[in-house]
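Undergrad: sequence first, predicted model second:
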Amino acid sequence: MTVTVQVPASSANLGPAFDCAAIALNLHLRVSAVPQTSGGLDIRYRGPNTERIPLDATNLVARAIQNIAASAPDKLHGATIEIDNQIPIGSGLGSSAAAVIAGTILGGELCRVQLEPKKILRHALALEKHPDNISAALYGGMVVAAVTHNASDNLADILVSTTDVSEKIDFICVAPDVPLSTEKARAVLPKQYSREDIVQNIQRTALLTAAFFSGGELTPELFRDRLHQPYRSPLVPGVAECLEYRAEGLAGIFLSGAGSSVMAIALHSSTQIGNALVDIFRRHGVAARASSLKADNAGAQVRRA
């Protein structure tokens with residue numbers, strides 16, 4: 001039997017909601033697995049950034065599968081793994097979270113282990129330390145997530161609240177031709193913040209969450225951030241100016257995840273907004289491409305054939 005898992009991309013942080021909120025988007029990672037009697041994992045890949053995707057045991061999908069297999073009662077003898085990916089690598093669209101969620105679900109399928117969503121997230125968190133991205137990849141829609149610990153076994157759990165995102169909203173992903181690793185983006189962050197900066201982010205995170213869950217009005221002011229965007233923006237020329245861009249129809253703009261992509265939320269005029277942001281990068285000597293996306297409210301899907 002062939003098992004196929006489809007997992008959406010995700011855009012995390014949403015400006016002020018640093019490490020605690022994300023939205024799933026309709027770019028997808030599809031991974032199919034056919035069990036084999038022997039031979040380990042035979043991995044094949046189609047998609048962007050082929051030079052950055054290992055086809056051995058270090059592949060994130062493979063690591064997630066083996067993470068489940070290590071404690072499963074049924075031994076995993078082998079499988080052919082076909083990866084068909086639409087999510088660019090190193091652009092702040094949750095490619096690693098999608099890979100880990102896909103591999104975790106496939107690991108349960110291949111090893112005949114029943115994994116409820118809470119356990120999927122627990123296993124995924126061991127490999128991918130971004131609870132917002134992995135929660136959005138699993139559940140879809142807009143998620144707010146927090147990491148806690150189970151006192152009985154000292155393992156991390158994720159508390160999650162989810163809501164669907166209106167199909168009337170366009171997400172314009174503007175990806176500069178400058179990949180940015182999460183490690184580099186993390187390294188520039190300060191170890192301490194002022195109370196004023198923290199309070200501003202808490203205020204906007206609360207208002208932003210309330211707006212999504214209630215269907216309230218979104219405005220660019222709700223997406224302002226002082227904890228990570230001011231420090232990451234200088235890493236890619238043009239990002240800082242993009243974050244200050246305003247136009248009719250623009251409901252919000254923020255750095256997608258750790259970057260390098262800028263994500264705009266539009267109620268209308270998405271083409272004009274995308275073109276304007278590409279022009280900003282061009283003036284800074286950086287090529288960029290705009291893509292219009294929608295939220296994915298379905299989350300991870302499994303098909304057996």
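TA: Everything's here; your move. Numbering: from 1, shown residues only.
Undergrad: any idea how far stretch 36-45 is from the middle of the chain?
TA: Computed by C-alpha atoms, centre = their mean, to the nearest Å, the separation of stretch 36-45 from the middle of its chain amounts to 27 Å.
Undergrad: what are the pairing partners of the helix or strand residue 45 falls within, and which direction each?
TA: Element membership for residue 45 (DSSP states H and E) is strand 40-46. Here strand 40-46 is paired, per DSSP bridges, with strand 78-85 (parallel).
Undergrad: give me the contacts around the partner strand.
TA: 29-48, 53, 61-62, 65, 95, 106, 110 (C-beta atoms under 8 Å, 6 or more residues apart in numbering). C-betas here are computed from N, CA, C, even on glycine.
Undergrad: how close does the closest residue to residue 95 other than its chain neighbours get to residue 196?
TA: With sequence-adjacent residues excluded and distances taken as C-beta to C-beta, 6 or more residues apart in numbering, residue 95 is closest to residue 87, at 4.4 Å. Using C-beta to C-beta, to the nearest Å, we find residue 87 at a distance of 36 Å from residue 196.
Undergrad: those two - which one has more neighbours?
TA: residue 87 (24 against 9; other C-beta atoms under 10 Å).
Undergrad: what's the distance between that one and residue 110?
TA: 22 Å.
Undergrad: rewinding a little: and the helix or strand just after the strand holding residue 45 with strand 78-85, angle?
TA: With elements assigned by DSSP H and E, the helix or strand that comes after strand 40-46 is helix 60-69. Taking axes from the mean of the first three to the mean of the last three C-alpha atoms, to 10 degrees, one finds that helix 60-69 is oriented at 140 degrees with respect to strand 78-85.
Undergrad: can I get helix 60-69 in PDB, CA atoms only?
TA: The C-alpha atoms that make up helix 60-69 are tabulated as PDB, following Å, rounded to 0.1, in the frame of the first residue of the first chain:
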ATOM      1  CA  LEU A  60      14.400  15.600   7.700                       C
ATOM      2  CA  VAL A  61      11.600  13.400   6.500                       C
ATOM      3  CA  ALA A  62      13.800  10.300   7.000                       C
ATOM      4  CA  ARG A  63      14.900  11.500  10.500                       C
ATOM      5  CA  ALA A  64      11.200  11.900  11.500                       C
ATOM      6  CA  ILE A  65      10.300   8.500  10.200                       C
ATOM      7  CA  GLN A  66      13.200   6.900  12.100                       C
ATOM      8  CA  ASN A  67      12.300   8.800  15.200                       C
ATOM      9  CA  ILE A  68       8.900   7.000  15.200                       C
ATOM     10  CA  ALA A  69      10.500   3.700  14.200                       C
END
